[in-house]
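>>> Make a model of this:
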Amino acid sequence: MDVDKQRKDVAPVYPIQRPTTTPSPSPEREYLRPRPQGRTRRDSIQNYKMDATPCGHCLIINNVDFEEQSSLNNRKGSNIDCDKLERRFKALNFDVKVRTNLKQRQIKHELSALSKKDHSQYDCCLVIMLSHGTEVSHSRFPGAVYGVDGQHVTVQYITNYLNGQNCPSLQGKPKLFFIQACGGGEKDTGFEVSPDESQPPIGGADDQTDAIPMSSSSDSLSMSDEPDARATLPTPSDILVSYSTFPGYVSWRDTQAGSWYVETLDRILEENATTDDLVTMLMMVNNEVAQNSAKGLYKQMPGSFNFLRKLLYFKTQ
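Below you'll find the model as predicted:
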């Protein structure tokens with residue numbers, strides 16, 4: 001019952017006064033783990049083991065040519081992105097597999113096959129999605145990517161395949177997802193900044209978006225789904241999802257040079273993978289892509305959902 005609505009004739013209850021010589025233990029503190037002494041420092045953070053050869057599997061799904069009934073435009077310039085990422089992650093010691101123009105069920109099949117592999121001898125796993133995207137209702141990871149048939153797969157569903165419960169041989173190992181797709185249909189015009197912060201416009205008439213309007217998710221896990229994607233851990237530990245754009249907004253792709261996000265990601269990895277950890281490099285990507293302008297007007301802001309527990313340094317060849 002709400003305190004404000006208690007009957008006036010009910011006498012208030014006061015706490016019992018205990019002798020000061022016998023203090024009562026607090027039940028909230030009896031079961032707490034001891035707090036570490038001193039503040040946590042960066043040098044106390046461990047690094048993920050990343051020295052296996054190859055380091056792990058890398059699956060790239062590159063959807064370029066969409067079926068007519070999907071009402072989705074073909075994604076000119078995506079093959080440029082795919083070629084860059086295939087070369088880059090081979091150089092970073094991954095076993096790379098590229099699959100092109102997959103329907104929804106084929107995307108799920110590839111993810112299922114990847115989750116059923118024995119990853120015991122590997123240190124990491126990578127999934128890269130290059131496609132049209134949309135905004136969907138979600139409880140963990142936002143967004144969805146489209147198959148060439150116009151049917152989408154949610155990012156949440158994609159990550160479920162490789163979590164620690166559905167893929168035990170990847171428990172405690174980093175699982176990385178890179179999503180080059182729109183997070184929605186909004187176009188960001190940005191805001192004015194001081195001259196020191198401004199940059200000349202980058203991009204032009206060849207810029208396109210990978211945007212599809214928001215839809216409700218028809219991709220929720222049900223009893224009819226494959227067993228390896230039926231459940232998820234309470235916490236998506238050791239997972240990082242890097243998005244090319246902020247949820248709800250479009251992602252820009254140059255039909256001649258590829259997408260802003262992939263072009264920048266590839267260059268940052270080439271220049272900094274020998275010295276910097278992944279999260280630091282993704283921050284560099286965020287900063288550089290944020291300086292771009294499509295048609296001299298529209299902006300893009302990448303971002304990540306980071307549930308890594310350690311620093312991740314790629315092994316360079």
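>>> Is there a neighbour count for the nearest residue to K84 once chain neighbours are set aside? I'd like the number.
Leaving out its chain neighbours, the residue that sits closest to K84 by Cβ to Cβ, 6 or more residues apart in numbering is D266, at 4.4 Å. Where you see a C-beta, it was placed from the backbone N, CA and C, and this is true even at glycine. Look at D266: counted by other Cβ atoms under 10 Å, it has 20 neighbours.
>>> Surely D266 touches E86?
No. Counting by Cβ atoms under 8 Å, D266 sits too far from E86 to count as a contact (10.3 Å).
>>> Report the beta-bridge partners for the spatially closest residue to C124 that is not a sequence neighbour.
In space, and not counting its chain neighbours, C124 is closest to G56: 4.0 Å by Cβ to Cβ, 6+ apart. Beta-bridge partners recorded for G56 (DSSP bridges): F94, C124.
>>> so G56 touches F94, yeah?
Yes. If you go by Cβ under 8 Å, G56 and F94 touch, sitting 5.9 Å apart.
>>> overlap in contacts of the two?
124, 126 (Cβ atoms under 8 Å, 6 or more residues apart in numbering).
>>> nearest residue to S237 other than its sequence neighbours?
F307 (5.7 Å).
>>> secondary structure class for the residue nearest to K84?
Secondary structure state of D266, per DSSP: H, G, I helix; E, B strand; the rest coil, is helix.
>>> Can you check what pLDDT the model gives it?
If you check D266, the pLDDT there is 97.
>>> Same check on the one 3 residues further on?
Reading off the per-residue confidence, L269 sits at a pLDDT of 98.
>>> so the residue nearest to it when sequence neighbours are not counted is in which element?
Among residues not flanking L269 along the chain, R88 sits closest, at 5.5 Å (Cβ to Cβ, 6+ apart). Per DSSP states H and E, R88 falls inside helix 78-91.
>>> helices or strands next to that helix in the packing?
On a contact count with 3 or more Cβ pairs under 8 Å, 6 or more residues apart in numbering; DSSP states H and E, helix 78-91 meets strand 56-62, strand 94-100, strand 124-130, strand 175-180, strand 258-259, helix 260-272.
>>> of all these, which lies closest to L114?
strand 56-62 (5.5 Å; Cβ to Cβ).
>>> Next up, the contacts around the residue nearest to S70 when sequence neighbours are not counted.
In space, and not counting its chain neighbours, S70 is closest to G150: 3.0 Å by Cβ to Cβ, 6+ apart. Counting by Cβ under 8 Å, 6+ apart, G150 touches 66-67, 69-72.
>>> Output the below-cut-off pLDDT ranges for the protein.
Within the chain, the segments meeting pLDDT under 70 span 1-42, 183-235, 247-253, 293-297.
>>> In this protein, mark out all the strands, start to finish.
With strands called from DSSP state E, the chain shows them at 56-62, 94-100, 124-130, 133-136, 144-146, 152-154, 175-180, 207-209, 211-215, 239-243, 252-254, 258-259, 303-306.
>>> by contact count, what packs against the third one?
Read that as strand 124-130. Using 3+ Cβ pairs under 8 Å, 6+ apart, strand 124-130 is in contact with strand 56-62, helix 78-91, helix 104-116, helix 155-160, strand 175-180.
>>> what helices or strands is the first one leaning on?
Contact here means 3+ Cβ pairs under 8 Å, 6+ apart; on that basis strand 56-62 packs against helix 78-91, strand 94-100, helix 104-116, strand 124-130.
>>> Name the residues that touch the first one?
Read it as helix 78-91. With Cβ under 8 Å, 6+ apart as the criterion, helix 78-91 contacts 58, 60, 62-64, 96, 98, 100, 126, 128, 130, 178, 180, 253, 257-259, 262-263, 265-266, 269-270, 316-317.
>>> Same question for the second one.
For strand 94-100, the external contacting residues (Cβ under 8 Å, 6+ apart) are 54-64, 82, 86, 89-90, 106, 110, 124, 126.
>>> rerun at 7 Å
With contacts defined as Cβ atoms under 7 Å, 6 or more residues apart in numbering, strand 94-100 is touched by 54-62, 64, 82, 86, 89-90, 110, 126.
>>> Just the buried ones out of those residues, please.
Among the contacts of strand 94-100, those classed as buried by 16 or more other Cβ atoms under 10 Å are 54-62, 64, 82, 86, 89, 110, 126.
>>> Between all of the residues you listed, which two are separated the most?
Most distant of the buried ones among the contacts of strand 94-100, by Cβ to Cβ, are C55 and V64, 27.2 Å apart.
>>> Am I right that V279 is in contact with F307?
No. The pair V279 and F307 does not pass the contact test of Cβ atoms under 7 Å, sitting 11.3 Å apart.
>>> Counting neighbours, go ahead and name the busier of these two.
In this view V279 and F307 are compared by other Cβ under 10 Å, and F307 has more residues nearby, 18 against 14.
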